[in-house]
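1. structure here, sequence nowhere to be found:
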(Lines give C-alpha, C1' and ligand atoms only; values in the text may rest on other atoms or scores of the structure.)
Protein backbone atom coordinates (compact mmCIF):
# COMPACT_ATOMS: atom_id res chain seq x y z
CA UNK A 1 0.00 0.00 0.00
CA UNK A 2 1.06 3.54 -0.46
CA UNK A 3 -0.01 7.13 -0.26
CA UNK A 4 -3.50 8.32 -1.06
CA UNK A 5 -3.90 8.81 -4.82
CA UNK A 6 -7.36 10.34 -4.69
CA UNK A 7 -7.73 13.67 -6.52
CA UNK A 8 -8.06 15.71 -3.31
CA UNK A 9 -4.57 14.61 -2.30
CA UNK A 10 -2.93 14.62 -5.73
CA UNK A 11 -4.23 18.06 -6.71
CA UNK A 12 -2.57 19.53 -3.60
CA UNK A 13 0.80 18.24 -4.84
CA UNK A 14 0.36 19.78 -8.27
CA UNK A 15 1.38 18.64 -11.74
CA UNK A 16 5.12 19.40 -11.48
CA UNK A 17 5.54 17.65 -8.11
CA UNK A 18 3.60 14.60 -9.26
CA UNK A 19 5.73 14.34 -12.40
CA UNK A 20 8.86 14.52 -10.23
CA UNK A 21 7.56 11.83 -7.87
CA UNK A 22 6.65 9.54 -10.77
CA UNK A 23 9.99 10.10 -12.47
CA UNK A 24 12.32 9.83 -9.46
CA UNK A 25 10.32 7.89 -6.87
CA UNK A 26 10.23 8.67 -3.16
CA UNK A 27 12.39 8.01 -0.12
CA UNK A 28 9.46 6.07 1.31
CA UNK A 29 9.95 3.26 -1.19
CA UNK A 30 8.08 4.19 -4.36
CA UNK A 31 10.35 3.26 -7.28
CA UNK A 32 11.29 5.66 -10.03
CA UNK A 33 9.69 5.25 -13.44
CA UNK A 34 11.82 7.58 -15.58
CA UNK A 35 13.65 4.59 -17.05
CA UNK A 36 10.37 2.83 -17.91
CA UNK A 37 8.01 5.62 -18.95
CA UNK A 38 8.63 8.46 -21.39
CA UNK A 39 8.31 12.08 -20.23
CA UNK A 40 4.98 12.30 -22.06
CA UNK A 41 3.72 9.14 -20.33
CA UNK A 42 4.77 10.50 -16.93
CA UNK A 43 3.03 13.79 -17.70
CA UNK A 44 -0.15 11.95 -18.78
CA UNK A 45 -0.10 9.76 -15.67
CA UNK A 46 0.36 12.79 -13.39
CA UNK A 47 -2.60 14.45 -15.10
CA UNK A 48 -4.70 11.28 -14.88
CA UNK A 49 -4.26 10.75 -11.13
CA UNK A 50 -5.55 14.28 -10.52
CA UNK A 51 -8.83 13.59 -12.35
CA UNK A 52 -12.00 12.89 -10.41
CA UNK A 53 -13.12 9.34 -11.27
CA UNK A 54 -16.57 8.59 -12.60
CA UNK A 55 -19.10 7.31 -10.10
CA UNK A 56 -19.24 3.52 -10.15
CA UNK A 57 -22.45 1.94 -11.42
CA UNK A 58 -24.98 1.01 -8.75
CA UNK A 59 -24.52 -2.56 -7.56
CA UNK A 60 -26.83 -2.90 -4.61
CA UNK A 61 -28.31 -5.86 -2.80
CA UNK A 62 -31.03 -6.32 -5.44
CA UNK A 63 -28.46 -6.64 -8.24
CA UNK A 64 -26.32 -8.95 -6.11
CA UNK A 65 -29.21 -11.25 -5.30
CA UNK A 66 -30.25 -11.34 -8.97
CA UNK A 67 -26.73 -12.46 -9.91
CA UNK A 68 -26.62 -15.39 -7.48
CA UNK A 69 -26.32 -18.89 -8.89
CA UNK A 70 -27.56 -21.41 -6.35
CA UNK A 71 -25.72 -24.70 -6.84
CA UNK A 72 -27.47 -26.54 -4.00
CA UNK A 73 -30.80 -25.24 -2.71
CA UNK A 74 -30.84 -24.64 1.07
CA UNK A 75 -33.34 -27.44 1.70
CA UNK A 76 -30.94 -29.98 0.11
CA UNK A 77 -27.86 -28.87 2.07
CA UNK A 78 -26.46 -31.01 4.92
CA UNK A 79 -27.74 -30.16 8.38
CA UNK A 80 -24.86 -31.83 10.27
CA UNK A 81 -21.11 -32.24 9.81
CA UNK A 82 -20.38 -35.03 7.31
CA UNK A 83 -16.58 -35.45 7.67
CA UNK A 84 -13.76 -35.62 10.22
CA UNK A 85 -12.02 -32.41 9.15
CA UNK A 86 -10.79 -30.24 12.03
CA UNK A 87 -12.47 -26.97 11.02
CA UNK A 88 -10.30 -25.01 13.50
CA UNK A 89 -7.27 -26.02 11.41
CA UNK A 90 -8.58 -25.20 7.91
CA UNK A 91 -7.31 -22.34 5.75
CA UNK A 92 -9.29 -21.35 2.70
CA UNK A 93 -8.41 -19.26 -0.34
CA UNK A 94 -10.93 -17.94 -2.83
CA UNK A 95 -9.61 -18.49 -6.37
CA UNK A 96 -11.79 -15.77 -7.81
CA UNK A 97 -10.64 -16.01 -11.43
CA UNK A 98 -11.10 -19.78 -11.47
CA UNK A 99 -14.39 -19.59 -9.57
CA UNK A 100 -13.14 -22.05 -6.96
CA UNK A 101 -12.27 -22.26 -3.28
CA UNK A 102 -9.09 -24.02 -2.16
CA UNK A 103 -8.70 -25.59 1.30
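-> Everything's here; your move. The shown structure was predicted, so the numbers you read here are calculated from the model rather than taken from an experiment.

2. how about low-confidence regions in this structure?
-> The model of the chain has pLDDT under 70 over residues 1.

3. what ranges does it have for its strands?
-> 93-95, 100-102 (DSSP state E).

4. what are the buried residues along the last one?
-> The neighbour-count check on strand 100-102 (16 or more other Cβ atoms under 10 Å) flags nothing as buried. C-betas here are computed from N, CA, C, even on glycine.

5. what packs against that strand?
-> strand 93-95 (3 or more Cβ pairs under 8 Å, 6 or more residues apart in numbering; DSSP states H and E).

6. before we move on, the earlier item: turn the strands of the chain into CSV, columns for distance to residue 78.
-> CSV is the format used below for those (distance: least, Cβ to Cβ, whole Å):
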stretch, distance to residue 78
strand 93-95, 21
strand 100-102, 17
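
7. which of those strands sits closest to residue 81?
-> Judged by Cβ to Cβ, the one of those that comes nearest to residue 81 is strand 100-102, at 17.7 Å.

8. any residues touching that closest one, and which ones?
-> 92-95 (Cβ atoms under 8 Å, 6 or more residues apart in numbering).

9. now those as CSV including distance to residue 31 and neighbour count?
-> Output for the contacts of strand 100-102, formatted as CSV (distance: Cβ to Cβ, whole Å; neighbours: other Cβ atoms under 10 Å):
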residue, distance to residue 31, neighbour count
92, 33, 8
93, 28, 9
94, 30, 10
95, 29, 10
